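J.: Can you look at this prediction? I've put the sequence above it.
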Amino acid sequence: MTAPPRRPRSTGRVTLDDVARAADVSPITVSRALRGERAVDPALVARVREAADRLGYAPDPAARALASRRSTHVAVLIPMLSNALFVDLLEAVQSTLRPAGYQTLIGVTHYDDVEEAQLLREQLLHRPAGLLVTGLERPEPTRRLIAQAGVPVVHLMELAEPGAGLHCVGLSQQAAGEAMTRHLLDRGHRRIAFAAAQLDTRTRQRLAGWRQAMQQAGLHDPVLEWLNPAPSSLALGGVMFEQIIGQRPPVDAIFFCNDDLAQGALLAALRRGVRVPQDVAVAGFNDLTGSDQMVPPLTTVRTPRAEVGAQAAAMLLALMRGEPVARPGVDVGYELVVRGSS
């Protein structure tokens, strides 16, 4: 009969040594098995996990970091969790980091510079092994905080200028915005409105792409810019659609900076009996869930956010291991998805 595990009197916590005795393996084997290292025999992994589950063992990240002199946490800062774009990205990050023995410490900034700086300070107290941060634009004090953190950092969703000394995985938001505008111009539309909410850095870059295409076509008009700082949503998209189609002279296309706004616009068009694209074309950005099921299906820009997450996590893993990185900037590109709304 197996003797019950000895527990430290101070905490009553089941230790890694307790699991090792119960599984009849060494503590280092327990550690490797629970980290998911592939070199450990699957039968041993099963035995260790069974013992850990039976004893109720929970790893102590602080003790592990102290013993190994390295953290097993990666801090990840994203703007929102309510946006499927960042959910897809996070799932890819976690599925890449977990098999390598790292856990994610997620912070949601709500597109707020002050909140981002505070979250960063809090997360750095945990001495993470690395940082994944969304975007490149932030106040200088926060930039210094990241630069002086002393850990590898990879930036998500945007691309730095060559030679900037930053590691990043993303796409040219401006080029994607320009490509969508040119598509609408090629379809014969001339009064193309740009409708945006949130007004974060990536939205402003898409706006710059729209402006560039419209200026080159000799069709740019500031009154076609509809910019609302409120959070992006289906409801706001419907409201903005109602406002924009009342404009005189009328617009013949609306490029929304995000799919949820465009989806709300298509629903508003159905309610009002406005024909899309015959009366007005509608386009979005990001190819969010449901865009292909709208009536008509939404033309949009597909952004490979899962690929961004996976490649950024892989780059960070290499940096944390001290391995060379072939390219500090990885452009994952974008895809223009043409459907019935344009």
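T.: Sure, I can see it.

J.: Only C-alpha atoms from now on, for both contacts and neighbour counts.
T.: Fine.

J.: Could you double-check that residue 127 lies in contact with residue 75?
T.: No. When contacts are counted by C-alpha atoms under 8 Å, residue 127 is not listed as touching residue 75 (9.2 Å).

J.: These two: which has the busier surroundings?
T.: Neighbour count, other C-alpha atoms under 10 Å: between residue 127 and residue 75, residue 75 has more, with 22 against 19.

J.: Make sure the more buried one is indeed in a helix.
T.: No. Residue 75 sits outside any helix when classified using DSSP: H, G, I helix; E, B strand; the rest coil, being strand.

J.: check contacts around it.
T.: By C-alpha atoms under 8 Å, 6 or more residues apart in numbering, residue 75 lies in contact with 104-107, 123, 128-132.

J.: Out of the helices and strands in the protein, which is least certain?
T.: Within the chain, no helix or strand scores below helix 61-68, which has a mean of 50 by mean pLDDT, DSSP states H and E.

J.: Verify the assumption that residue 282 is located in a strand.
T.: Yes. Residue state for residue 282 (three-state DSSP) corresponds to a strand.

J.: Pretty sure it sits against residue 259.
T.: No. Assessed by C-alpha under 8 Å, residue 282 is found out of contact with residue 259, at 10.1 Å.

J.: What ranges in the stretch 101-250 of the chain fall below the confidence cut-off?
T.: Across the stretch 101-250 of the chain, no stretch falls below the confidence threshold (pLDDT under 70).

J.: what about the helices in it?
T.: Counting by DSSP state H, counting those that start in this stretch, the segments of the stretch 101-250 of the chain that form helices are 113-124, 140-147, 173-186, 201-216, 234-245.

J.: How far off centre is the longest one?
T.: Averaging C-alpha positions (C-alpha atoms, centre = their mean, to the nearest Å) puts helix 201-216 21 Å from its chain's average.

J.: likewise the first one?
T.: Averaged C-alpha coordinates place helix 113-124 at 17 Å from its chain's average position (C-alpha atoms, centre = their mean).

J.: ok and that helix relative to helix 140-147, angle-wise?
T.: Compare the direction of helix 113-124 with that of helix 140-147 by axes from the mean of the first three to the mean of the last three C-alpha atoms, to 10 degrees and you get 20 degrees.

J.: Which residues does helix 113-124 contact?
T.: The set of residues that contact helix 113-124 without belonging to it, under C-alpha under 8 Å, 6+ apart, is 75, 77, 105, 107-109, 138-139, 142, 149.

J.: at 7 Å instead, please
T.: Under the contact criterion C-alpha atoms under 7 Å, 6 or more residues apart in numbering, helix 113-124 has outside partners 75, 107, 109, 138, 142.

J.: how about those residues, which pair is most distant?
T.: Of all pairs drawn from the contacts of helix 113-124, the one with the largest separation by C-alpha to C-alpha is 75 and 138; the distance is 17.1 Å.

J.: need the helices of the stretch 101-250 of the chain in a markdown table with mean neighbour count and distance to residue 293, can you?
T.: Supplementary listing: these in a markdown table, determined by neighbours: other C-alpha atoms under 10 Å; distance: least, C-alpha to C-alpha, whole Å:
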| stretch | mean neighbour count | distance to residue 293 |
| --- | --- | --- |
| helix 113-124 | 17 | 35 |
| helix 140-147 | 13 | 41 |
| helix 173-186 | 21 | 20 |
| helix 201-216 | 20 | 24 |
| helix 234-245 | 19 | 15 |
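
J.: and those helices as TSV, adding distance to residue 316?
T.: Supplementary listing: these in TSV, determined by distance: least, C-alpha to C-alpha, whole Å:
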stretch	distance to residue 316
helix 113-124	16
helix 140-147	15
helix 173-186	22
helix 201-216	22
helix 234-245	35
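
J.: of all those helices, which lies closest to residue 276?
T.: When the helices of the stretch 101-250 of the chain are compared by C-alpha to C-alpha, helix 234-245 sits nearest residue 276, at 11.9 Å.

J.: elements contacting the closest one?
T.: Other helices and strands packing on helix 234-245, by 3 or more C-alpha pairs under 7 Å, 6 or more residues apart in numbering; DSSP states H and E, are helix 259-272.

J.: So which elements touch the helix it packs on?
T.: Taking 3+ C-alpha pairs under 7 Å, 6+ apart as the contact definition, the neighbouring helices and strands of helix 259-272 are helix 234-245.

J.: after the helix it packs on comes which helix or strand?
T.: Tracing the chain C-terminally past helix 234-245 and defining elements by DSSP states H and E, one meets strand 253-256 next.

J.: and that following strand, C-alpha only, in CSV?
T.: Output in CSV follows, covering the C-alpha atoms of strand 253-256 (Å, rounded to 0.1, in the frame of the first residue of the first chain):
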residue,chain,number,x,y,z
ALA,A,253,-20.0,52.7,-51.5
ILE,A,254,-19.0,52.5,-47.9
PHE,A,255,-15.7,50.9,-46.7
PHE,A,256,-16.1,50.1,-43.0
